[in-house]
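K.L.:
missing the sequence, but the structure's below:
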């Protein structure tokens, strides 16, 4: 079945993904996906990213065990950003915080 | 007063900003800021972006009237993404939808 909504990758072949907790509504993290990460996430319903610093595919929680189970996927109006609603299995941030957005400026 | 949290702009001088409705928790849009947009947003508490397609500063709602009033600002763990909690004065998307994320894939 063809789906008319397809991600618009940028000139580096990447698309930003916003990850939101489906229960609390908290924004948990933002990371990047290439086509492989996107397809694996769709197929497995576990969230994969592309690490720009390490230049490699990265399954969220691969080492920490804190995986993200995909429940909903949304695209924005021009399909160049994706929003995932997920169920996290533990703290999302490598610092141990439940969300990466724990530094409040205002 | 100096604040120890400062945005980490990328090699193009930009940082992505996730905009979330402070009342509903809905993610409304993602756009990019340069230093000028960031500073204007801080000063005026109205959200400014940098348009990558038009290569110009852009006050959200400048033409539509649908501005975003900044209530909270958060940074992620490595300070390379910013999260704004805002009060929108009208539909955020140019399509007339309340959020840009209205295309559901899953």
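P.N.:
All right, it came through fine. Quick caveat, the model's predicted, so the values are computed rather than measured.
K.L.:
For chain B, what's the nearest residue on chain A?
P.N.:
Sorted by distance to chain B under CB to the nearest CB, the residues of chain A start with residue A:25, at 3.2 Å. No exception for glycine: its C-beta is placed from N, CA and C like everyone else's.
K.L.:
Wasn't that residue part of a strand?
P.N.:
No - following the definition DSSP: H, G, I helix; E, B strand; the rest coil, residue A:25 is coil and is not counted among the residues of a strand.
K.L.:
got the contact list for the nearest residue to it once chain neighbours are set aside?
P.N.:
With CB to CB, 6 or more residues apart in numbering or on different chains as the criterion, residue A:25 has its nearest non-adjacent residue at 3.2 Å, and that residue is residue B:25. Remark: with contacts taken as CB atoms under 8 Å, 6 or more residues apart in numbering or on different chains, residue B:25 is in contact with A:24-26.
K.L.:
Mind doing that once more with 10 Å?
P.N.:
Contact analysis of residue B:25 by CB atoms under 10 Å, 6 or more residues apart in numbering or on different chains lists A:20-21, A:24-27, B:85.
K.L.:
hmm, which two among those are most spread apart?
P.N.:
Set against one another by CB to CB, the contacts of residue B:25 have their most distant pair in A:21 and B:85, with a gap of 14.9 Å.
K.L.:
on that earlier part again, from the contacts of residue B:25, keep the buried residues only.
P.N.:
A:20-21, A:26-27, B:85 (16 or more other CB atoms under 10 Å in any protein chain shown).
K.L.:
Below-threshold pLDDT in chain A: ranges please.
P.N.:
By pLDDT under 70, the weakly predicted segments of chain A are A:1-4.
K.L.:
Please enumerate the strands of it.
P.N.:
Under the criterion DSSP state E, chain A contains strands at A:15-21, A:27-33, A:48-51, A:56-59, A:68-75, A:82-88, A:103-104.
K.L.:
how about JSON lines for these, with distance to residue B:39 added?
P.N.:
Putting those into JSON lines (distance: least, CB to CB, whole Å) gives the following:
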{"stretch": "strand A:15-21", "distance to residue B:39": "23"}
{"stretch": "strand A:27-33", "distance to residue B:39": "21"}
{"stretch": "strand A:48-51", "distance to residue B:39": "30"}
{"stretch": "strand A:56-59", "distance to residue B:39": "33"}
{"stretch": "strand A:68-75", "distance to residue B:39": "31"}
{"stretch": "strand A:82-88", "distance to residue B:39": "27"}
{"stretch": "strand A:103-104", "distance to residue B:39": "18"}
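K.L.:
Need those strands in CSV (columns: distance to chain B).
P.N.:
Converted to CSV, the strands of chain A look like this (distance: least, CB to the nearest CB, whole Å):
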stretch, distance to chain B
strand A:15-21, 5
strand A:27-33, 4
strand A:48-51, 12
strand A:56-59, 15
strand A:68-75, 4
strand A:82-88, 5
strand A:103-104, 4
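K.L.:
rewinding a little: next, format the buried ones among the contacts of residue B:25 as CSV and append distance to residue A:65.
P.N.:
Written out in CSV, the entries for the buried ones among the contacts of residue B:25 read as follows (distance: CB to CB, whole Å):
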residue, distance to residue A:65
A:20, 21
A:21, 17
A:26, 20
A:27, 22
B:85, 30
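K.L.:
Understood, closing this out.
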